[in-house]
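S.K.: Got a predicted structure here, sequence first:
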Amino acid sequence: MKKIVAGALGLLFGATTAAGAGEDYAATQAAFLAANAKKAGWGSTSSGLQFHAIKKAAATAKQAMPESTVTVNYEGKLTNGKIFDSSFERKEPISFPLGAVIQGWQEGVPMMKVGEMWEFAIPSEIGYGPRGAPPDIPGGAVLLFRIELLDVKP
């Protein structure tokens, strides 16, 4: 169990080692983001973060702030569908300070309210960048997350 949690934290908190993905991979990732941006119900921010609300909460529900500690369930996968981590599968939510995770999460999760579930497509530039998080995440990878916000603490 400690190994699973340590691995999840390493992925979320941006642990990286050197890796290279090549020009074809970069083009595939850019094409994915371009096509995804055209899907109904998806929006994007100025950083390129793409988002889609799957389940909405009441307007009065608590909202995460950039300095919040959040408890979430999540699934992370690559554009080829390979799941690299899932607290849903482990049936074990995870809590962490938002300021300690990748930029895509820091930007996206504060848009959510407790009880909501969103999907995010996180460009490499606000994910793990050109180095990735080997062996599971290659450099330059777009990250796809399904996130359910369970709780927020100041």
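M.R.: Nice, thanks for sending it over. Numbers count the residues shown, from 1 in each chain.
S.K.: ok, the longest strand along the chain: who's next to it in the sheet?
M.R.: Counting by DSSP state E, the longest strand found in the chain is strand 143-153. In the sheet, strand 143-153 lines up against strand 69-77 (antiparallel), strand 117-122 (antiparallel) (DSSP bridges).
S.K.: Tell me the buried residues in that strand?
M.R.: Leu143, Leu144, Phe145, Arg146, Ile147, Glu148, Leu149, Leu150, Val152 (16 or more other Cβ atoms under 10 Å). All C-beta spots, glycine's among them, are computed from the backbone N, C-alpha and C.
S.K.: Pull the most distant pair out of the residues you listed.
M.R.: Maximum pairwise distance among these (Cβ to Cβ): 23.0 Å, between Leu144 and Val152.
S.K.: just the helices in this protein please.
M.R.: Residue ranges of the helices in the chain, as given by DSSP state H, are 2-12, 23-37, 87-90, 103-108.
S.K.: weakest of these by average pLDDT?
M.R.: Averaged per stretch, pLDDT over these is lowest on helix 2-12, reaching a mean of 43.
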